[in-house]
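> quick one, what's the 3D model for this:
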Amino acid sequence: MTSESAFIAALRAIASDPAARGLADDCAVLEFGGEALVLTHDSMVEGVHFLTGQSADDVAWKLVASNMSDLAAKGAEPLGVLLSYQLGADDAAFLRGLEAALAHYGAALLGGDTVSAKGARTFGLTAIGRATHRPVPARSGARPGDKVWITGPVGAAMLGLEALQGGQGDSALYRRGQARLAEGRALAPLVHAMMDVSDGVLLDARRMAEASGVTIALDRMAVPIATDESRRDEALTWGEDYELLFTAPASAALPVPAHCIGEVMERGPEPLLLDGAPPSGKLGYEHN
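Residues are numbered from 1 along each chain as shown. Prediction:
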């Protein structure tokens, strides 16, 4: 099977339009009629992105929130979504969750497609937003001398999934994640690079470093975590927390609460350093 990274690398030869940003970003940015439209698409597969038997209204919320988080990383204002939906026994519950999530984020349902099929269910959502600041933030703008920041703790979704599976604790941390749209809009005029932490802070920091042609050096103990210290390494490789990872000049007066977790350096032999050394083992979630 082709790995996710290898497949995306092959797609780059096709995605030649400037709006695609070389497929090195969370979203496409389409200049149109004096505006910049921000477009993103996420898919969710049963047994991979959500549990078999999980409440369909929570699945709908997560589908919307994951796309809204991509818009947040661009400082975008949501306009609407297109839904790809596989029919099942719990359509009414999905519709309730979808309606609640779209109302929460101020996005309109504009259309989409429905299908019927057997086997594990798959859903997709395309979100469309309007850029509130130009240039639209990208992964690729980090500069040597920048500080690296994150808007909140990682590992909360990990705890929420465990609570959902075990029936104890706050499962909403996993079921009802919150995209940082307001924070993204406030930060967009100040940041040099920004993305959401959807696949793990270590993996996403490496992606930002590679896109920017720099080395990002993180301080392991500076990264805020939502769990106890014994699980810090797990929290650093877990995603789905929807926090924003960004770089900005050391002198920047940030308009939102954030934690400084590292710095940007000239590109060295490794794109990512953790406490001064390349991290080993799994950095985050990737499809294989």
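
> longest helix in this structure, please.
Across the chain, the longest stretch assigned as helix under DSSP state H is helix 56-72.

> counting by contacts, list what the helix or strand following it packs against.
Next along the chain after helix 56-72, taking DSSP states H and E as the criterion, comes strand 76-86. With contacts defined as 3 or more Cβ pairs under 8 Å, 6 or more residues apart in numbering; DSSP states H and E, strand 76-86 has these neighbours: strand 35-45, helix 56-72, helix 91-105, strand 108-115, strand 122-131, helix 181-187. Bear in mind the C-beta positions are built from the backbone N, C-alpha and C, glycine included.

> in its sheet, what does strand 76-86 sit against?
Strand pairing for strand 76-86, using DSSP bridges, gives strand 108-115 (parallel), strand 122-131 (antiparallel).

> quick one: contacts of the first one?
This points to strand 108-115. Here strand 108-115 makes contact (Cβ atoms under 8 Å, 6 or more residues apart in numbering) with 79-87, 98, 102, 126, 128.

> the longest helix of the chain - what's its average pLDDT?
What helix 56-72 shows for mean pLDDT is 97.

> now do stretch 135-143
Looking at stretch 135-143 alone, the average pLDDT works out to 96.

> export only the CA atoms of it, formatted as PDB.
Provided in PDB are the C-alpha atoms of stretch 135-143 (Å, rounded to 0.1, in the frame of the first residue of the first chain):
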ATOM      1  CA  PRO A 135      -1.700  37.300   3.200                       C
ATOM      2  CA  VAL A 136      -3.500  34.200   4.500                       C
ATOM      3  CA  PRO A 137      -1.300  32.400   7.000                       C
ATOM      4  CA  ALA A 138       0.500  29.200   5.800                       C
ATOM      5  CA  ARG A 139       2.600  26.400   7.300                       C
ATOM      6  CA  SER A 140       5.500  27.700   5.300                       C
ATOM      7  CA  GLY A 141       6.200  31.100   6.800                       C
ATOM      8  CA  ALA A 142       8.200  30.300   9.900                       C
ATOM      9  CA  ARG A 143      11.400  32.400  10.100                       C
END
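
> contacting residues around it?
21, 24-26, 29, 36, 38, 73-76, 148, 187-188, 191-195, 207-209, 211-214, 216, 246-247, 264.
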